[in-house]
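Colleague: What would the 3D arrangement of this be:
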Amino acid sequence: MPFINRPNGKMTNEEKVKMFHTMGATAAVIALVLVILLETGLAGERRELVDMGLTAMIVMLAVSLIGSMYFKK
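Modeller: Predicted structure coming up:
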């Protein structure tokens, strides 16, 4: 589903906020899965990789929060 519904290709502020909300929701679900992997011990020897992924998802959550607040009216 595209975020841009205009023929000129420019996004409105509402579309930008929607994009950041979708990005934040996706990052939150991935972060939840990574936390479950870490806490249950299912990560095993890939614990460092899962930890780096969790750090990246935390950064994505921060970026999506800042972006959605920036483009709100």
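Colleague: Phi and psi next, for Asn8.
Modeller: Asn8 adopts backbone torsions of phi -80, psi -10, taken as degrees, to the nearest 10.
Colleague: what about the protein, any weak spots by pLDDT?
Modeller: Low-confidence segments of the chain, defined by pLDDT under 70: 1-5, 73.
Colleague: where do the helices sit along it?
Modeller: Assigned helices in the chain, in chain order: 13-40, 47-71 (criterion: DSSP state H).
Colleague: give the contact list for the closest residue to Ala28 other than its chain neighbours.
Modeller: Leaving aside its sequence neighbours, Ala28 sits nearest to Leu61 (Cβ to Cβ, 6 or more residues apart in numbering; 6.3 Å). The C-beta positions use only the backbone N, C-alpha and C, and glycine is treated the same way. When contacts are counted by Cβ atoms under 8 Å, 6 or more residues apart in numbering, Leu61 is found next to Gly24, Ala27, Ala28, Ala31.
Colleague: repeat that with 10 Å
Modeller: Listed by Cβ atoms under 10 Å, 6 or more residues apart in numbering, the contact set of Leu61 reads Met23, Gly24, Ala25, Thr26, Ala27, Ala28, Ile30, Ala31.
Colleague: Tell me the spacing between the residue nearest the centre of the chain and Val33.
Modeller: Taking Cα atoms, centre = their mean, the centroid of the chain lies closest to Ala27, which sits 3.0 Å from it. Distance of Ala27 to Val33, given as Cβ to Cβ, to the nearest Å: 11 Å.
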